[in-house]
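1. Here is a sequence together with a model predicted from it:
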Amino acid sequence: MKLSDSPTDVTALKCKVIFTMRDPKDVAVSLYKLYYNRTFSSGTYNGDFEDFLQLFMDGTVDNNGIFEHWRDDEKYFTDHPEVPVHFQSYEEAIKDPVRAVQALSDFLGLHRNDDLCRAIAEKCSFSRMKIDKEPFAIKVDGEHFLYRKGVVGDWKNWFNDKMVEDYYRVYEEKMAGSRFYAKYARSKTNIICI
């Protein structure tokens, strides 16, 4: 769902928005693992990752179009400066989860209790959530449908050099001039493909 599709109450009430970004390359891998050999509204995808990546970059995967979403979100934030927004990245939250919880607490205007922040960070760790959510997990063939690895940089195990070049060509074309561009630009990424 794009932010431009948000209820008007978000702007009218100046609701606080938590905006989380994740490296699109890792998002592509996660979506591929989510879609592969599973039936969705558009059918079942059984192709290889390289073909899926092209669909991802074109924005034709169900509920996708990450670059179009980000551009829409950026316009929303520009058009509605009265809406308070907390920007966070998945990568930074994984690197320092306690700091991520503390920053979120500060944004929400809560009295910060660092012991509670540490406890929340532990409870919200990917490995802990995967265990705690086990009774509620949606599984396909015995595997968690939504909880896979939760790691940063897994894309390096999936992309070859050509895919990296194709990806950055599309990224640079679609995100040039965006306030979000630098976050995941080629110069920010240590590109090593296997």
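-> Yes, it's here.

2. What residue, apart from its backbone neighbours, is nearest the residue nearest to the spatial centre of the chain spatially?
-> By Cα atoms, centre = their mean, the chain has its centre lying nearest to R22, at 3.6 Å. If you skip the residues right next to it in sequence, R22 has Y90 as its closest partner in space, 3.8 Å away by Cβ to Cβ, 6 or more residues apart in numbering. For the C-beta atoms, the positions are set from N, CA and C on the backbone; glycine is no exception.

3. Which pLDDT value does the model give the one you found?
-> On the pLDDT scale, Y90 is placed at 95.

4. How about C124?
-> On the pLDDT scale, C124 gets 91.

5. for S42, same thing?
-> S42 is given a pLDDT of 68.

6. try K2
-> For K2, pLDDT reads 87.

7. name the helices or strands packed onto the helix or strand where D51 lies?
-> Following DSSP states H and E, one finds D51 within helix 49-58. Using 3 or more Cβ pairs under 8 Å, 6 or more residues apart in numbering; DSSP states H and E as the contact test, the elements touching helix 49-58 are helix 24-35, helix 161-175.

8. Any chance you could list what contacts the longest one?
-> In this structure, residues lying in contact with helix 161-175 by Cβ atoms under 8 Å, 6 or more residues apart in numbering are 24-25, 50, 53-54, 57, 67-68, 70-71, 159, 181, 184-186, 191, 193.

9. Buried residues in it, which are they?
-> M163, V164, D166, Y167, Y168, V170, Y171, K174, M175 (16 or more other Cβ atoms under 10 Å).

10. so how far is P84 from the fifth one?
-> When Cβ to Cβ, to the nearest Å is the yardstick, Y168 and P84 sit 33 Å from each other.

11. quick one on the thing from earlier: redo the buried residues of helix 161-175 as a markdown table? Include distance to K123 and pLDDT.
-> As requested, the buried residues of helix 161-175 are exported to a markdown table (distance: Cβ to Cβ, whole Å; pLDDT from 0 to 100):
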| residue | distance to K123 | pLDDT |
| --- | --- | --- |
| M163 | 36 | 97 |
| V164 | 36 | 97 |
| D166 | 39 | 97 |
| Y167 | 34 | 97 |
| Y168 | 37 | 97 |
| V170 | 37 | 97 |
| Y171 | 34 | 97 |
| K174 | 36 | 96 |
| M175 | 34 | 96 |
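
12. Just name the closest of the residues you listed to L110, please.
-> Closest to L110 out of these is M175 (33.3 Å), distances taken as Cβ to Cβ.

13. in this protein, which spans are strands?
-> 17-21, 39-40, 43-44, 85-89, 139-140, 143-144 (DSSP state E).

14. Mean neighbour count and distance to L31 added to these, as CSV?
-> Below are these laid out as CSV (neighbours: other Cβ atoms under 10 Å; distance: least, Cβ to Cβ, whole Å):
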stretch, mean neighbour count, distance to L31
strand 17-21, 15, 15
strand 39-40, 11, 11
strand 43-44, 10, 14
strand 85-89, 15, 18
strand 139-140, 11, 15
strand 143-144, 12, 15
